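[1] build the 3D model from these lines:
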Amino acid sequence: MGTTPSWESGEGMTELAKSSVFTTLRWDGAFSVAHLEEHLTRLKTHASRLSIEWPDDAREQALSLMQSVFSNVEQSNQDDCVGLAKLNLNLRGEMSVSTRWSPVKSESQLRITKVNATAIPAPRWKGDITGCKHGDWQPYKDAGSQAVERGCEIALLIHNDAVVDCQFATPLLLDDDGTAWYPAPSEGALDSISLASIQSHLEREGIPLIPGRLTRNLLARARALVAIGTGIGVVLITELDGQQIGNNSDNFANLCFESFYQALELGWTDVQEESS
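    Next up, the predicted model:
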């Protein structure tokens, strides 16, 4: 894990970043989305950080748009795909909704998927932009493409010699003392709704979650490293640029996996019912 320079934002990138804000919800392929209120709350918070005005009728707009879009989308014919709904708000206060199907192996297998990771410099923007779901998302997509080019499934984004994010998930590391670490927002990490959904479950199992810096030393002594996100679910990262991560045990990853899907099962909202 080196100290390769990060992407740094110029004025053009800053303007593009502040042009819109978004959040991506898990969608059941019909009319339900998961963790709706949490996504709306984060969207509002990120909009404020980007100086994007929050509409008075934002929730009503979101529900109406999702109901309209969902009614015109065909079901996926693949068993290993999950539905995702992207809710976007632009500078004019206009919301939009788009859907897509994302392949996820663990959905059909109902067991943890193991992946290889590579270290890539983390994109950075000025002020409060870094850590928001903003309009200049291409660098994160580029990080994913670079990971694939290197024969890896996931990119760990590095800043100041510490892991601050993944390109489409949040890293969670089980330390050798039984505590679990995730990148702190002060390091430029996104606040993860998926991670928040499993926190109480992990803490009931005696695993406290601590925000901080996922440094080289922390990675070296880790029992396990997982990535958790709306689309990806939970995966176990077993290698970083060819170096083994963890002690080859699936216990922590399976606990996170089960916690994620239990929280998901309890987190659905039917947008038709909410709109009526």
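[2] got the buried residues for stretch 264-276?
    For stretch 264-276, a neighbour-count test (16 or more other CB atoms under 10 Å) marks 264, 267, 269, 271, 274 as buried. Placement of C-beta: from N, CA and C, glycine included.
[3] max pairwise distance over the residues you listed: which two?
    Leu264 and Glu274 (17.9 Å; CB to CB).
[4] need the pLDDT of the closest residue to Cys132 other than its chain neighbours.
    Among residues not flanking Cys132 along the chain, His46 sits closest, at 4.3 Å (CB to CB, 6 or more residues apart in numbering). At His46, the model reports a pLDDT of 97.
[5] then Asp128?
    pLDDT for Asp128: 88.
[6] could you pull out the helices in the stretch 51-200 of the chain for me?
    Secondary structure of the stretch 51-200 of the chain (DSSP state H, counting those that start in this stretch): helices at 58-70, 105-109, 138-149, 193-204.
[7] how about JSON lines for those, with mean neighbour count added?
    Shown next, in JSON lines, are these (neighbours: other CB atoms under 10 Å):
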{"stretch": "helix 58-70", "mean neighbour count": "18"}
{"stretch": "helix 105-109", "mean neighbour count": "15"}
{"stretch": "helix 138-149", "mean neighbour count": "15"}
{"stretch": "helix 193-204", "mean neighbour count": "18"}
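[8] hey, least reliable of these by pLDDT?
    helix 105-109 (a mean of 59).
[9] circling back: need the contact list for the residue nearest to Cys132.
    By CB atoms under 8 Å, 6 or more residues apart in numbering, the contact set of His46 is 21, 23, 132-134.
[10] if we go to 7 Å?
    Contact partners of His46, counting by CB atoms under 7 Å, 6 or more residues apart in numbering, are 21, 132-133.
[11] now, those residues that are in strands?
    In this view, the contacts of His46 that belong to strands under DSSP state E are Val21.
[12] tabulate the contacts of His46 (CSV), appending distance to Ser96 and pLDDT.
    Formatted as CSV, the contacts of His46 follow (distance: CB to CB, whole Å; pLDDT from 0 to 100):
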residue, distance to Ser96, pLDDT
Val21, 12, 98
Cys132, 18, 95
Lys133, 14, 95
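[13] now the contacts of His46 as a markdown table including neighbour count?
    A markdown table is the format used below for those (neighbours: other CB under 10 Å):
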| residue | neighbour count |
| --- | --- |
| Val21 | 26 |
| Cys132 | 26 |
| Lys133 | 22 |
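[14] hang on, the earlier thing: mind checking which helix or strand the residue nearest to Cys132 is in?
    helix 36-49 (DSSP states H and E).
[15] buried ones in that helix, by neighbour count?
    The neighbour-count check on helix 36-49 (16+ other CB under 10 Å) flags 36, 38-40, 42-44, 46-47, 49 as buried.
[16] ok, how many other residues are close to the nearest residue to Thr215 once chain neighbours are set aside?
    Leaving aside its chain neighbours, Thr215 sits nearest to Ala162 (5.0 Å; criterion: CB to CB, 6+ apart). Number of residues near Ala162 (other CB atoms under 10 Å) recorded here: 21.
[17] pLDDT at Ala162, what is it?
    At Ala162, the model reports a pLDDT of 95.
[18] ok, now Ser76?
    Looking at Ser76, its pLDDT reads 65.
[19] start to end distance for stretch 123-140?
    By CA to CA, to the nearest Å, the extent of stretch 123-140 from end to end equals 7 Å.
[20] residues in contact with Glu269?
    Let me fix one detail, which is that residue 269 is Thr and not Glu. By CB under 7 Å, 6+ apart, the neighbours of Thr269 are 32-33, 36.
[21] same check on Val115?
    153-154, 235, 237.
[22] how much space separates it from Phe168?
    Plainly put, Val115 is 12 Å away from Phe168 if you go by CB to CB, to the nearest Å.
[23] related to what we said a few turns ago, from the buried residues of helix 36-49, which is closest to His201?
    The nearest member of the buried residues of helix 36-49 to His201, counting by CB to CB, is Glu38 at 15.4 Å.
[24] you'd agree the closest one is up against Ile193?
    Yes - under the criterion of CB atoms under 7 Å, Glu38 makes contact with Ile193 at 4.8 Å.
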